[in-house]
Structure formats: C-alpha cells, structure tokens
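Colleague: No sequence on hand, only this structure:
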Ligand SMILES: Nc1ncnc2c1ncn2[C@@H]1O[C@H](COP(=O)(O)OP(=O)(O)O)[C@@H](O)[C@H]1O
Ligand SMILES: [Mg+2]
C-alpha cells in the first residue's frame, strides 16, 4: 500500500541545514494499524506529513498504491489527499465559523459532490462517530473529544484508504482518548489503513505494529 | 457561501473595505452626475439661442463715410429672397428688426409691461429653438399681410394678464395698435450663461410681431439683423461666409458685415465641462485607488490570519484554484456590496447636491454602470495578489502556522 525507499528530508534553519529524516525506508500494508513513536523532535510529524502528501521528500522514492508520487504536481497531490487520505490532527483543525456538518462536507465540496449527496453522507459520517445530534453545532460549542470525532467524520467521509493521524489524542483527556481509539479500531475493522503518531504507550497499544523513530532514523526493534 | 461566512466573521475588516469601495464609487457617481447635470444645463441654455444660429449684421462703426452713404442696415427684403437659394450651408433665415436702445411699453387693461419688441419672420421660432406652450407660430399670411398679431414671453404674459389668465386672443395695446396674442413662448433660462458673462437680455420679455408690421410702424425698409441657421454645427463658419459674401456682392462691397455665432460659447462650455470631468476623474481615481489599497491590505491580513485554514482546506484536497476562487469571491462580494452602496450613496449625494443647488440633476446611469464595473475590477485586482500568495502555500507550511 505504502512504500518509502531511502527518503531524506532536511530543513534550512538559519544558515545550516538540519537533517530531519535520514535514509528512511518503510512499508505499510493495506488494513494495518501502525503507530509511529519516538521522542519529541525526532521527525515523526515530518515522516507522517510525507506519508500524507502534505510535504515532499528531498530524495528517495515514495510509492503510493504502487505508484511514485515524487513527480506528482500539486493538483495531483491534492487529488490523492482528497480521495485516498483522511487526516486527523492533534489540534482538530476544524474551521471555526462553520458547523460540524459543513466541516464534514468540505472534502466532498472539493471532490465536486452535489449538495444532496453531501448532506446525506455528512450525516452518515457523523452518525458513525456518534455525533448526528451535534450536526449544527459550531466547533466552539463542542468538547475536545467531540471536535476530534467531527474531525474523524471529516477524515472518513470521502471513504479514503488511509487515515493519517498526528497525535490525535494529544489534546484530549484519557476518557476521550480511549473513545477516539475505539473509533479507530472500528475503522480498522471496516478495512481502513491507519497510520498514527503518538508518544503515549497507552495509545500505541491500540495499534498492531509500532515503528520507532529516533533522530530521523527508523529503529528496528 | 464559504466566502460570505468568513466576511461575516470578520465584520470590522469587511466593513472597512466596503467603505473604501463605497466612497470611491460614490465619488465617481457624484462626479458623473454633476458633470452630466452641468452639461445638460449649459447645453439647454445654449440651445435657447439655437446651437446652429448665426447672426449677420452690418458693421456699424464703419469709418468710411462713403460706405455709410446708404441708410439703415444694408439688408433689405430683396436680399432675404435671394438668400434662400444661394447659400447651401444655410438651412433657414429669418429677418429680425428691433429697437436697438430701449424697451417698449405695452398695455392691457391698465397694466403695463416694458417689453423687448422684435419683428421676425416665419422661421424665427425654429431657428431660436423656441416653442409656444399655447397658441401657434406665425403663418406666411401673418407676415405678408402685416397682421397685428403677437407671440409673447411668459413674463410679459404674467405682467399684463396675471398668472392665471389665458392670454390667447387677448389684446395688447402698443400705441394705437392693438395686437392680438396668438401664442405664448415657453420659459427659457439663461442664468448660467449670464453668470459666465453673456448679456442679460431677458428672453422671457420678448414680444414677437411680423417684421413687416414692425417695418411699417417704424417707417423703415431695412432689416437690422439676419438670423440664420446652419445645416449643422460644423457648417456654421461656411454658412456665415456664404451669407456675408452674398451680401457684400449684392451691395457692391459698400458695407462690411459681421457674423456672430454660438461657436465661441460652445467652446467655452466644452472647456468648463472638460475641467469639471478632469478634476472629478482625478478625485474619483484617488478614492478608488485608496479603496483598492484597502481591499488589498485587508485581503492580505485575511490571508495571513487564515493561513491555517488554507492549510486545512489543502489537506482536505482543495486545489490551488479553489483557494484562489474563495479569496477572489470574498473580494468580489466586498467590491460588489461596496459598489452597490456607493451607487446608492452617489445617487443620494447627487439628489442632495441637486436639491441644495436648485438644479435638477438626473442620475447618470452610464456612470453608475461604469462605476460598478470599475469597483468589481478594482476589488478583484486588489484581491488577486494576496489570494495568489495564499493559493501557493504548501499545505504543511500553512498548517504549521499559529
Ligand atoms: N519547517 C521546518 N523548518 C525547520 N525545521 C523544522 C521544520 N519542521 C520541522 N523542523 C524540525 O525538524 C525536527 C523534527 O520535527 P518533527 O517532525 O515535528 O518532530 P516530532 O513530530 O517528532 O516532534 C525538529 O527539530 C523540528 O524543529
Ligand atoms: Mg510532531
């Protein structure tokens, strides 16, 4: 499903270059639930952003469903993000001025789905995360756990293959965290591939496989 | 709809940019309305003379004693007849005879009026662009048979008969003569032109009678002035030359003739109108420029503030053109709303100026249309740069923004 081969990534900071990812190779199979762990600043988010086509590697190759995306242009990457990927972020990243349902509709807006279908599918996705009765609340009127569930509904509404989650429970209390993880388990059971960054062992337990990152390298354990 | 929600969210910013455009458009509208209004009034006043009018008369301060041998104006009824066929640039001609110095007193049932008496021919009203509000024009018969009939100005009518009496078929006494009123002239204003330095001859105090009757009463054969109408404004000079040449030829160069036309006045008017438009155009451009800068600045702020939102939208699969369209949509909404408000404000300002100045100013719809187009263009152009910048952001960079 996903194949990274000898990926390097560095950032310019001041007048020195910082190598963030150093010769990273990994593969993730369809239907897997993988947790990426490692100390703060080790390059977990950088790795996840590359996997999520939000960022591009400096060198190496990235095969997505068997096809290289290294040469893809911006619009092609946008199409992959829209159809094949769903994102869940630590800080939820909902658009504050529109209600839950409209937030969930956004990926479909960019996919060109018509209003009626959008409406039905958004409500169905909110139902999966147990928030159909909060469809018309704006984010500020929802708890953190509820906001993250709206974000999950948004991530799955275009029926993507892969869910990319960067510390999805990082801003939540322990009860909400476990609720979120149960939803992830259901999604995996429904056939989704999940790649999640976390630094909490409690949370990582929900995954089947753990990839450890340390100082820009994958530590095989 | 996405665009509108963000505009609603950022009320103050939206209001400020709308105001920028509103003021600019209102300024454009006011300029358009005022210059169109002034244009309308000046041309309406110029038109009271007839725009194609030429006056021909003998040069009076002729120093050569031989040239003054013959009395009078040097133009007579025979000249008039020959003119009709010989001057291709002239549409029609009327003789005008008048008492050069004082006004003449006329009476009706114990009321008096000092009037400007003119003896005229049948084309006089057409050449002067005069209209009768009631009654009729002169007929050939009135002129040929020296009928004692008169067409009078509104002030003469008011002074002799009062405002509420129909003066038609009433009698005005002028010495022993009893003139029957056959028509009343439409009121004409020359206020602006008088302020610009035209003579203060009161057109509303005219009493027009057949020039033949005038000649008979004053025992003269000559015609003071020929008033002619050129076939178009461009042909005024040709027409004037044809007429003066013809007169000089017929009188063996005994006299010199002078021609006057509206040309100078038309040029003066166009100068004034050009200046008004120029000043207005500069003022309007400045306000629109400021409005545009406002939109650009405000859109720029909006892009920075919403960098994270741009990142989210891109993560969800928005193409560059979606982001561009969203920001351009906002700019368009701001400029259309600003444009419409500016038009309303401009219309109100136009009416107020009209009301305060006492002139009836029509709304310039062509200016309104142009102003609307300009506001949309300024809005979109000003929104484009920040929108373009927003659309180019990498999703990961936009998402990292706090
Ligand atoms: N855009 C960037 N510019 C410069 N340095 C960056 C940028 N993004 C990440 N880094 C650096 O790369 C390193 C890894 O960051 P990140 O992938 O966010 O780590 P983690 O998610 O594991 O905490 C950190 O030292 C961070 O400061
Ligand atoms: Mg991180």
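Modeller: Received, thanks. Treat the numbers as computed from the prediction; the structure is a model and nothing was measured. Ligands and ions are numbered 1, 2, ... in the order given.
Colleague: Quick check: end-to-end length of stretch A:137-145?
Modeller: 14 Å (Cα to Cα, to the nearest Å).
Colleague: correction: stretch B:388-399
Modeller: Stretch B:388-399 has an end-to-end distance of 17 Å (Cα to Cα).
Colleague: tell me how far it is from the chain's mean position?
Modeller: In this view, stretch B:388-399 has its centroid 55 Å away from the chain centroid, taken as Cα atoms, centre = their mean, to the nearest Å.
Colleague: Just give the number of residues close to the closest residue to residue A:192 other than its chain neighbours.
Modeller: The shortest distance from residue A:192 to any non-neighbouring residue, by Cβ to Cβ, 6 or more residues apart in numbering or on different chains, is to residue A:163 (5.6 Å). Using the backbone N, CA and C atoms, a C-beta is placed for each residue, glycine as well. The burial count assigned to residue A:163 is 23, neighbours taken as other Cβ atoms under 10 Å in any protein chain shown.
Colleague: Now the helix or strand that contains residue A:163: average pLDDT?
Modeller: Assessed by DSSP states H and E, residue A:163 sits inside strand A:162-166. What strand A:162-166 shows for mean pLDDT is 97.
Colleague: residues touching the residue most central in space within chain A, list them.
Modeller: Centroid check for chain A by Cα atoms, centre = their mean gives residue A:164 as the closest residue, at 1.9 Å. Contact analysis of residue A:164 by Cβ atoms under 8 Å, 6 or more residues apart in numbering or on different chains lists A:48, A:51-52, A:85-88, A:195-196.
Colleague: what's downstream of the strand holding residue A:163, the next helix or strand?
Modeller: helix A:174-189.
Colleague: which residues sit against the helix or strand just after that next one?
Modeller: Counting by DSSP H and E, the next helix or strand C-terminal to helix A:174-189 is strand A:193-197. Strand A:193-197 is touched from outside by A:1-2, A:28-37, A:44-45, A:48, A:51, A:161-168, A:184, A:187-188, A:203, A:207, with contacts defined as Cβ under 8 Å, 6+ apart.
Colleague: Point out the residues in chain A that sit beside ligand 1.
Modeller: Applying Cβ under 6 Å from any ligand atom, one finds that chain A approaches ligand 1 through A:11, A:13, A:18, A:20, A:38, A:40-46.
Colleague: ok, 8 Å please
Modeller: A:11-13, A:18, A:20, A:38-49, A:166-167, A:197, A:213, A:216 (Cβ under 8 Å from any ligand atom).
Colleague: Looking at these, which are in helices?
Modeller: Residues of those located in helices (DSSP state H): A:44-49.
Colleague: most surrounded residue in those residues?
Modeller: For those, neighbours tallied by other Cβ under 10 Å; top is residue A:47, 28 neighbours.
Colleague: Okay, that one and residue A:25: tell me how far apart.
Modeller: 11 Å (Cβ to Cβ, to the nearest Å).
Colleague: related to what we said a few turns ago, drop anything exposed from the residues of chain A next to ligand 1.
Modeller: Buried subset of these (neighbour count, 16 or more other Cβ atoms under 10 Å in any protein chain shown): A:20, A:38, A:42-49, A:166-167, A:197, A:213, A:216.
Colleague: Quick check, residue B:316 in contact with residue A:105.
Modeller: No - the pair residue B:316 / residue A:105 is not scored as a contact, 10.1 Å apart, by Cβ atoms under 8 Å.
Colleague: which residues touch stretch A:177-191?
Modeller: For stretch A:177-191, the surrounding residues in contact (Cβ under 8 Å, 6+ apart) are A:31, A:33, A:128-129, A:145, A:148-149, A:152, A:156, A:163, A:165, A:168-169, A:172, A:194, A:196, A:200, A:202-203, A:206.
Colleague: please redo it, this time with the cut-off set to 7 Å
Modeller: Residues outside stretch A:177-191 that contact it (Cβ atoms under 7 Å, 6 or more residues apart in numbering or on different chains): A:31, A:33, A:129, A:145, A:148-149, A:152, A:156, A:163, A:168-169, A:172, A:194, A:203, A:206.
Colleague: Right, I'll call it a day here.
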